[in-house]
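J.: Pasting a predicted model and its sequence here:
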Amino acid sequence: MLNQITPIFRKIPLLSGLVHLVERSLKKANTQPFANQADTLAEIDLNHLMTTRIGGIILDLDNTIVSEDDRYISPEAVDWIKRAKSLGLKLFILSNGKRRYRVEYWSNYLEVPAINPAKKPFPTAFRKALQHMELQPEQVVVIGDSRHTDVLGAWIVGCPCIQVASLPHPPRWWETLLGKYVQTPYPMERSLWNFQPSAHYRNP
């Protein structure tokens with residue numbers, strides 16, 4: 001997981017001094033018993049996660065479940081989340097999104113508690129989610145699309161992490177600047193499911 005974070009530190013001069021600390025812990029982080037990257041949520045094997053003593057999942061929302069501009073939804077993501085719950089896994093959404101009504105909608109629709117704004121990668125919201133789930137950090141996997149928020153936040157609190165490819169969305173300035181160092185582009189050969197926000201959201 002930390003090999004995903006290190007390039008960010010190298011690109012930002014003010015953080016470059018943390019590289020040595022991160023790399024020192026890299027060997028330990030690479031021992032998580034499942035892949036640390038996937039194209040989509042639905043690609044992640046829930047049964048395998050459970051065999052590794054994972055009991056909970058902290059999920060990102062924007063560009064992980066649904067694109068930030070509400071154009072796309074991750075293929076089969078809703079069914080994957082429903083199946084995770086049916087298997088007894090505990091779920092929690094942490095979102096940095098500024099439009100709270102969207103987070104409230106998805107939290108209610110998926111019946112998954114959420115914190116917004118989560119202010120990732122700072123650890124407070126992660127720790128609240130862990131406390132809510134009554135699980136230890138090593139029992140909870142963080143899944144999201146951004147290295148500088150989801151992956152870094154997971155590392156800070158001691159959770160394993162899986163980074164998914166970022167659903168297509170209009171890039172923010174730091175995404176334009178840092179590109180692949182913060183997110184993995186959604187594979188062109190992968191299908192995308194359209195999302196119609198007007199059919200789901202009330203007027204904010």
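T.: Everything's here; your move.
J.: who's in contact with the residue nearest the centre of the chain?
T.: The residue lying closest to the centre of the chain (Cα atoms, centre = their mean) is residue 144, at 1.5 Å. Residue 144 is in contact with 59, 60, 64, 150, 151, 161, 163, 164, counting by Cβ atoms under 8 Å, 6 or more residues apart in numbering. Quick note: C-beta positions are derived from backbone N, CA and C, even for glycine.
J.: most surrounded residue in those?
T.: Highest neighbour count within these, by other Cβ atoms under 10 Å: residue 150, with 30 neighbours.
J.: Quick one: low-confidence residue ranges for this structure.
T.: 1-31, 169-181, 203-204 (pLDDT under 70).
J.: can we see that at 80?
T.: Counting by pLDDT under 80, the chain contains low-confidence ranges at 1-33, 168-183, 185, 198-199, 202-204.
J.: which two from the contacts of residue 144 end up farthest apart in space?
T.: Farthest pair in these (Cβ to Cβ) is 59 and 151. Separation: 13.6 Å.
J.: what residues does stretch 36-47 touch?
T.: Contact partners of stretch 36-47, identified using Cβ under 8 Å, 6+ apart, comprise 1, 4, 34, 64-65, 74-77, 79-81, 83-84, 87, 89, 143, 160-165, 184, 186-187, 190.
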